[in-house]
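here's a sequence, model it:
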Amino acid sequence: MTATLAKPPVDVPAERELPRRKRNVGGFLNWVATHAIGLALGLMFATPVVFVFLTAVMSDNQAFTSDLWPREWHWENFVEVFDKAPLFQYLINSLTYSLLATAGMLISSIPAAYALAKLRWRGRNLAFLLVIGAMMLPPQVVAVPLYDTWSSLGLTGTLWPLIAPYFLFDAFSIFLLRQFMLTIPQSYVDAARVDGCSEFQTLIRIIVPMAKPGIAATALFCFLFTWNDYFGPLLYTGEVKDQWTLSLALATFKGMHIVQWNSSMAVTFLTMIPAVVLFVFAQKSFVKGITFTGVKG
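Numbering: from 1, shown residues only. From the prediction side, this is the model:
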């Protein structure tokens with residue numbers, strides 16, 4: 001038997017031996033440099049949220065000072081705001097307004113966007129120009145005639161003047177969905193028609209499943225807009241507190257001569273939670289819908 005000879009160790013030059021810690025630090029710095037703009041934007045958007053939270057857990061006296069960090073953490077502020085105002089009722093009103101408006105927007109905007117994107121009919125371009133024009137029209141311009149109309153119908157003091165228009169027409173949603181549907185190849189629609197599908201069946205079975213990211217993005221836009229809407233509820237329900245939304249509830253913590261900043265910030269932070277949770281769960285569909293919107297296939 002022959003003895004196995006051990007190989008002599010190979011000397012590795014010292015300059016080629018990089019410590020693992022240095023490699024990790026270099027990789028981290030490289031990642032920071034690559035994502036510098038994103039980190040700066042994230043910090044810019046996160047700073048107000050952190051400021052709202054820190055002010056919400058301050059005492060009433062400290063909230064009027066220039067301190068940025070709480071001396072004592074008053075978690076009870078999030079509970080006391082429910083004793084100062086009927087926030088549960090305002091939450092139900094906000095959810096009613098946002099959910100019904102979003103549902104109405106989808107019911108009215110999806111068929112309209114399909115007609116503008118996939119159907120050939122005389123006057124289609126003119127109708128699209130009218131949609132663009134409606135987007136450019138400030139809502140304050142038509143506030144007075146609309147208020148007179150809803151007042152004559154006896155619906156002022158309720159949320160229905162804010163919800164009902166979404167079941168009829170929403171220019172921005174129609175535009176956004178139309179642009180996304182343009183990215184769907186026309187061959188799918190033609191194949192469905194050859195197979196004997198009606199336009200309604202083509203919309204429900206072909207277009208809607210393929211346009212789910214665009215629909216999710218549009219629904220999220222509508223929900224966030226109605227959730228944060230202040231002008232509409234103030235105009236139609238300003239004198240009826242039972243119909244107030246959370247955006248109007250913030251005004252109850254602001255008096256003529258004093259503002260309870262800690263309570264106001266606590267309500268503000270609680271108001272942001274549903275919107276943040278919704279965005280987290282719908283983030284992938286939202287980003288995908290925005291990415292493909294406007295890119296014509």
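
rest of the way, CA atoms for contacts and neighbours
Noted.

which helix runs longest in the protein?
For the chain, the helix with the greatest residue count under DSSP state H is helix 87-118.

name the helices or strands packed onto that one?
Where contact means 3 or more CA pairs under 8 Å, 6 or more residues apart in numbering; DSSP states H and E, helix 87-118 is packed against helix 124-136, helix 160-163, helix 171-181, helix 212-228, helix 246-249.

buried ones in the strand or helix carrying S151?
Following DSSP states H and E, one finds S151 within helix 143-152. For helix 143-152, a neighbour-count test (16 or more other CA atoms under 10 Å) marks 147, 150 as buried.

contact partners of it?
156, 161, 236 (CA atoms under 8 Å, 6 or more residues apart in numbering).

name the residues of the one helix or strand the last one maps to that come out as buried.
In this assignment (DSSP H and E), Y236 forms part of helix 231-237. For helix 231-237, the buried set under the neighbour-count rule, 16+ other CA under 10 Å, comprises 232-237.

looking at those residues, which is nearest I37?
G232 (36.0 Å; CA to CA).

tell me who's in contact with the closest residue to that closest one other than its chain neighbours.
Excluding its sequence neighbours, the residue lying closest to G232 (CA to CA, 6 or more residues apart in numbering) is L162, at 6.7 Å. Counting by CA under 8 Å, 6+ apart, L162 makes contact with 97, 101, 232-233.

and of these, the nearest to A85?
Nearest member of the contacts of L162 to A85, counting by CA to CA, is P233, at 17.1 Å.

so who does that closest one touch?
159, 162, 244-245, 248.

got a pLDDT number for K212?
As predicted, K212 sits at a pLDDT of 88.

tally of neighbours for it?
By other CA atoms under 10 Å, the residues close to K212 number 16.

got it, and I207?
Neighbour tally, I207, other CA under 10 Å: 19.

now it: phi and psi?
When read as degrees, to the nearest 10, the backbone of I207 gives phi -70, psi -50.

then L168?
According to degrees, to the nearest 10, L168 has phi -110, psi -50.

nearest residue to it other than its sequence neighbours?
Closest to L168 by CA to CA, 6+ apart is S108, at 5.8 Å.

same question, A127
L116 is the one closest to A127 (CA to CA, 6+ apart), at 8.0 Å.

for L129, see how far away the one you found is.
11 Å (CA to CA, to the nearest Å).

which of the two has more neighbours?
Legend: neighbour count by other CA under 10 Å for L116 and L129, higher for L116 (22 against 12).

ok, that one to L126 distance?
The gap separating L116 from L126 is 10 Å, by CA to CA.

where does the stretch 101-250 of the chain have low pLDDT?
Judged against pLDDT under 70, the stretch 101-250 of the chain has no low-scoring part.

which residues touch I107?
Counting by CA under 8 Å, 6+ apart, I107 touches F167.

equivalent analysis for T252, please.
So T252 contacts A85 (CA under 8 Å, 6+ apart).

would you say it is within a strand?
No. Per DSSP: H, G, I helix; E, B strand; the rest coil, T252 lies outside any strand segment and is helix.
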